[in-house]
Structures are given as structure tokens and as C-alpha cells.
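K.L.:
sequence? don't have it. structure:
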Ligand code: AKB
């Protein structure tokens, strides 16, 4: 990667990915785009930024040409829980931003990063040690759009030679920008509430196991995949990647080690619970290990210590 365009840079991943990429590839070589949500000052002041709608293909093409972009990272998405309340909007935004990225890449010979998700799996998928290649019949509009994007990535690679690569991200835990509208959001909110109020009401029930990953691992995985030797990639779109699997009881117990009077109760959201029940408990990520050397650094203990340290200093 040399000149990178990050679409959706104001979101949870984008707001940390842009500074991370600028550090590696040079501030002027990473262009951040946003639409209605403003970018954080570090991004706005740290390199090129463009206000653009990822659903406007002509504008995307002009930005790609202006900066001589060779890699498009499309992070524009309506997440799983919000998608269920606005399915047609979720489909439109998720699919149009994706197809525009692929079409622009086809014409300009750019590579594309496609973020998929554990949401691409469904209730008929094996829940434990979920294989890389398995039954995928998701029951959310978000998941359907992710499966479509995975297939489109393969299609554009085979038919047009577009270098599309992707990851099936688990829930991502981070401390710069809050996620919005996902099923796994509780695992971020719990840390903020633990610091601010020493209590948290969880909207997923005890025993709901999901794959998770700390943001530094999620960013590194993206760069490692995009820089991987293409000859070694069998599963280009998309790799299972995970770092840990836990349920609400486990994360609460880990927080209690640092904040002994932290308390959690439950008020289960039926929509989110149904979504979580249809997703894997934990995925097999051996294809990512074998094909490009994936290895997570953070587990629940080290992530919790880091999250509480960072948020404790900021929110105190
Ligand atoms: C969501 O919960 O919708 C996302 C995801 C796992 O893709 N965080």
C-alpha cells in the first residue's frame, strides 16, 4: 500500500485506523473521508481529508484520481442492530458504498479492503470453532450485505483481477470513538460505565459468547493482510479472525479484578439477543494463521487492563 483512501474515517475503526496508517505510510499518503459525522481533530489536522458520500461513485473516482490512490479501505456500514430497524437503508448504504469501491478499483487498478464480520454467519452455521468455509445464511440485513460483499470481492478478483481482501471481524473493543448500532457494543460500553459509574446494565444475557478483538489487533490484522504475499492467499474474501471469546459474566469478572465494587445487572434487548444467538460462539481462524501469519496479541486480561488504564486517565 502506498496511497490509501479510508472511507468512513469518522467511525469506530476509521478514527483509529487513519492515524495508524499515517504513522506507517506517511501522513500525506492516507486520505480520510467523512460525511455527516465530523472527523476527530487528530485526523482532520494530521493529513488530507475529504468530505464525500461513498454512495456518490463519481465523487469517489475524482478523489481516488486526485490522490493517486492505490488502496481503498471501505469502512462505511450500517451495523447489525440499527440495520434491523432500517433494513432498506442499511442495504442501500452497505451495498452502494461497496459496489462503488469495487467499480472505482476496477477502473483505477486499486486494491480494496472489504471488512466482513461474524455477522456474515447465521443460525445454521456451526457455533463452536466455526470453520472458515461453512454454511452462511445470516438472518440480519447486515449479515446479508456482508455475505454479498464477500462474494462480490471474489467476483471482482476472478473476473477483473481486482486485488480484494477482507477479514471477518469479531466485535471490536476500543477507546477512541464509540461504536454505534452494533450487537457487540456492550463490550465497549461496559468499560466506560465501569470507570464512570462502577455499574453497568448489560443488554445481552449471561452465557452469550461472542468473538471479540482489541482495536490494536484489528488494525494490525488489516495491514498484515493487505501486505501479505498474494500467492499465499487462498481465502482472499474473507478470513475468520478472532482474539478472544467471552460472555458478559467473564468481562464483568475481569473488570472486577481492577474495580472490586463494579456491579453488573441485565436488561436484555430481544433484538440484539436474537442477533447474538445467531452468531458464532468462537471461530476457527487457522486459515488466517496459515495463509498470512495471523496471531492476536491481546486477550481479555491484557485488553481489560489497557482499556481501564486509558479510560481511567481520560474520564477521571
Ligand atoms: C456489530 O455488532 O454489528 C458489529 C460486528 C460484529 O460486525 N460490531
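P.N.:
Right, received. Where do you want to start? Note that the coordinates shown come from a computational prediction; the quantities given were computed from them, not determined experimentally. Numbers count the residues shown, from 1 in each chain.

K.L.:
Now this protein against the ligand: closest residue?
P.N.:
Residue nearest to the ligand within the chain: residue 182 (2.8 Å; Cβ to the nearest ligand atom). Heads up, the C-betas are built off the backbone N, CA and C, glycines and all.

K.L.:
gap between the residue of the chain positioned farthest from its centre and residue 188?
P.N.:
The outermost residue of the chain, judged against the average C-alpha position, is residue 261 (31.8 Å), by Cα atoms, centre = their mean. Distance from residue 261 to residue 188, counting by Cβ to Cβ, to the nearest Å: 21 Å.

K.L.:
list the contacts for residue 81?
P.N.:
181, 182, 183, 185, 269, 271, 272, 275 (Cβ atoms under 8 Å, 6 or more residues apart in numbering).

K.L.:
and it, what helix or strand is that in?
P.N.:
helix 80-85 (DSSP states H and E).

K.L.:
any bit of that helix sitting next to the ligand?
P.N.:
Yes. With Cβ under 6 Å from any ligand atom as the criterion, the ligand is reached by helix 80-85 at residue 80.

K.L.:
what residues does the helix or strand just after that helix touch?
P.N.:
Using DSSP H and E, the next helix or strand after helix 80-85 towards the C-terminus is helix 87-108. Contact with helix 87-108 is made by 7-8, 54-57, 60-61, 64-65, 69, 72, 74, 76-78, 82-83, 110-112, 114, 141-142, 144-146, 148-149, 152-153, 156, 160, 162, 164, as judged by Cβ under 8 Å, 6+ apart.

K.L.:
If you rank the contacts of residue 81 by neighbours, which is first?
P.N.:
residue 183 (32 neighbours; other Cβ atoms under 10 Å).

K.L.:
What does the pLDDT read for that one?
P.N.:
With respect to pLDDT, residue 183 scores 98.

K.L.:
try the one 3 residues further on
P.N.:
Confidence per residue is given as pLDDT, and for residue 186 that number is 98.

K.L.:
mind listing what it touches?
P.N.:
By Cβ under 8 Å, 6+ apart, the neighbours of residue 186 are 202, 203, 204, 248.

K.L.:
And residue 241, by the same measure?
P.N.:
Shown in contact with residue 241 (Cβ under 8 Å, 6+ apart): 167, 168, 169, 170, 213, 221, 283, 285, 288, 294, 296.

K.L.:
and residue 94, how many neighbours?
P.N.:
There are 23 residues near residue 94, going by other Cβ under 10 Å.

K.L.:
returning to what we had before: buried among the contacts of helix 87-108? Make that a PyMOL selection.
P.N.:
Only the buried entries of the contacts of helix 87-108 go into this PyMOL selection, using 16 or more other Cβ atoms under 10 Å:
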select buried, resi 7+8+54+55+57+60+61+64+69+72+74+76+77+78+82+83+110+111+112+114+141+142+144+145+146+148+149+152+153+156+162+164
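
K.L.:
Confirm residue 69 sits in a helix?
P.N.:
No. Remark: residue 69 does not belong to a helix; assigned using DSSP: H, G, I helix; E, B strand; the rest coil, it is coil.

K.L.:
Once you drop chain neighbours, what's closest to it?
P.N.:
Counting by Cβ to Cβ, 6 or more residues apart in numbering, residue 5 is the residue found nearest to residue 69 once chain neighbours are left out, at 4.5 Å.

K.L.:
Wait, a strand at the one you found?
P.N.:
Yes. Assessed with three-state DSSP, residue 5 lies in a strand.

K.L.:
So it versus residue 265, what's the distance?
P.N.:
Noted for residue 5: a distance of 44 Å to residue 265, by Cβ to Cβ.

K.L.:
which of those two has more neighbours?
P.N.:
residue 5 (28 against 9).

K.L.:
Would you mind measuring from that one to residue 207?
P.N.:
Look at residue 5 and residue 207: by Cβ to Cβ, they are 41 Å apart.
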